[in-house]
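Visitor: Return atomic coordinates for the entry below.
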Amino acid sequence: MALSGIAPSLHARVGYRSPMSKPARGATVEFQQVTKHYDRREKGPGAVNDLSLTVPTGKICVLVGPSGCGKTTSLKMVNRLIEPTSGRILIDGQDIGGQDPIALRRGIGYVIQQTGLFPHQKVGENVAVVPRLLGWDKKRRRERTDELLSLVGLDPGRYRDRYPSQLSGGERQRVGVARALAVDPPVMLMDEPFGAVDPIVRERLQNEFLRLQEQLAKTILFVTHDIDEAIKMGDLVAVMQRGGILAQFGPPDEILANPVSDFVARFVGADRGLKRLSLARVRDLELLPVVTAREGADAADARARARAAPFQYLLLVDASDRPIGWVDQDSIPSAGLLTEEMAIAMSPLLDRRATLKDALSMIIDAEVVAGIVVDHEGRALGLVTADTIGAAMRDGIVTEAATRNEPPDEASDPDGETDDPDGETATIDRLGAGG
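Guide: Just a heads-up that it's a prediction; the model follows:
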């Protein structure tokens, strides 16, 4: 199918890139006084009411709110699965209302909760659905499929020829993301994409996607009902309330620090101060120094250095500077060597990538004064206390970190009627280019 109905700015970005070339960047998405009434005769508020907001190029905007607030309706109006009653939606300044809806959908990535993979097709065929509809040759489809599977952390040789039923929930979700990226769309729509997996897998997928977004810089509209997910994933958060009303729109830290209404304050929760701690990481803090001594070191020297420091304890480390345990300065002998038997139970070890919320929780749970920050090889770097975390809030460090919004580092690891024989063309044309 020709793409003659799609806006030039979007058309130029979709379906015409070479494998491994630099990905197309995002596009600005703008809602201008958008309203949706499912029954035009009804009076009063509709499903969405007078929605106006702008998502800048390359940013993630999360639509969050209770059931029935219009967040999914708003999302589906971007690819015209739902048509607005009034108002306009612009992509890079082009009114999508004047575009061919099928061509528009093929140029917008779409990821849904249950992925929407075709069960009768192998993984590679699922990823390549839209490129095939656009007429890409077999070699080009294969190269693009393998590129994307690698990008989302799936070995093409292992996964390309499997069926969706042979994958875990997390693996299917990765395939759904790969399919949404197949033609390198500037805009992606994600409707509760991680809602159908368990919390551990969900966190891993969230982290992986944020790292992926750091490379791709797509413009993403992301729907969730979970305020914690919204805070973690969004550069911008649109809090919506029942009746399709935009209650507040802005960066996560601004919404947590300054909710504009009782509804927003209740929705983000009474613990919004603690939630703000999830926007900053241990690496954002200036660590407190810690006196260390290696096992087998001279006790007299260690005792003198420990007594000169403000902290009551010396940290005993091994030959690679990995923590062994604490030694109370009053228990350090005046002669002899330090031994492992002198050490008592340690504080929790904190990775520099840990959020301040997690760090504070670990310190409180362990009932200790400080947590020991270690590098990727487990070597001691310094200390974090509840007081230093509190000071970071007061001094604006959390706000500065939230503004940077750096992604987490690498962690340890419809149906539709159709006349085509496989039955997927109409479904993809209705849903758009994705899972």
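
Visitor: The residue nearest to residue 377 when sequence neighbours are not counted and residue 86, how far apart?
Guide: Spatial nearest neighbour of residue 377, excluding adjacent residues (C-beta to C-beta, 6 or more residues apart in numbering): residue 320 at 7.2 Å. Using the backbone N, CA and C atoms, a C-beta is placed for each residue, glycine as well. According to C-beta to C-beta, to the nearest Å, residue 320 stands 66 Å off from residue 86.

Visitor: doesn't the residue nearest to residue 377 fall inside a helix?
Guide: No - read with DSSP: H, G, I helix; E, B strand; the rest coil, residue 320 is coil and lies in no helix.

Visitor: Low-confidence stretches in this protein?
Guide: Along the chain, the parts satisfying pLDDT under 70 run over 1-24, 41-45, 113-115, 196, 402-435.

Visitor: make it 50
Guide: Applying pLDDT under 50 to the chain flags the ranges 1-20, 410-433.

Visitor: per-domain residue ranges of it.
Guide: As given by automatic domain parsing, the domain ranges for the chain are 8-270, 283-404.

Visitor: I figured the residue nearest to residue 377 hits residue 374, correct?
Guide: No - taking C-beta atoms under 8 Å as the definition, residue 320 is not a contact partner of residue 374, at 11.0 Å.

Visitor: So for the two, which sits in the more crowded spot?
Guide: For residue 320 versus residue 374, the count of surrounding residues by other C-beta atoms under 10 Å is larger for residue 374: 19 against 9.

Visitor: Now that one: closest residue in space, sequence neighbours ignored.
Guide: Nearest residue to residue 374, sequence neighbours excluded (C-beta to C-beta, 6+ apart): residue 349, at 5.2 Å.

Visitor: can you check residue 63 too?
Guide: Computed as C-beta to C-beta, 6+ apart, the closest residue to residue 63 that is not its neighbour in sequence is residue 71, at 3.9 Å.

Visitor: if we can go back for a sec, name the stretch among the domains of the chain that sits most buried.
Guide: Highest mean neighbour count of the domains of the chain: domain 8-270, a mean of 19 (counted as mean count of other C-beta atoms under 10 Å).

Visitor: quick one on the thing from earlier: residues in contact with the residue nearest to residue 377?
Guide: Taking C-beta atoms under 8 Å, 6 or more residues apart in numbering, we find residue 320 in contact with 377-379.

Visitor: Just want the phi and psi numbers for it.
Guide: In terms of degrees, to the nearest 10, the main-chain angles of residue 320 are phi -100, psi 10.

Visitor: repeat for residue 140
Guide: According to degrees, to the nearest 10, residue 140 has phi -70, psi -40.

Visitor: So which residues of the stretch 151-300 of the chain form helices?
Guide: Secondary structure of the stretch 151-300 of the chain by DSSP state H, counting those that start in this stretch: the helices cover 156-159, 169-180, 199-216, 227-233, 252-257, 262-268, 272-276, 299-307.

Visitor: could the ones you listed be laid out in CSV, adding distance to residue 392?
Guide: Listed next are the helices of the stretch 151-300 of the chain as CSV, based on distance: least, C-beta to C-beta, whole Å:
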stretch, distance to residue 392
helix 156-159, 42
helix 169-180, 33
helix 199-216, 22
helix 227-233, 17
helix 252-257, 13
helix 262-268, 20
helix 272-276, 10
helix 299-307, 27
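
Visitor: Go through those and name the closest to residue 135.
Guide: With C-beta to C-beta as the measure, helix 169-180 is the member of those nearest residue 135 (17.2 Å).

Visitor: Not counting that closest one itself, show me its contacts.
Guide: Outside helix 169-180, the residues within contact range by C-beta under 8 Å, 6+ apart are 109-112, 115-117, 123, 126-127, 129-130, 145, 148-149, 151-154, 159, 164, 167, 188, 190, 193-194, 196-198, 201, 204-205, 208-209, 212, 433-435.

Visitor: This completes my enquiry, with thanks.
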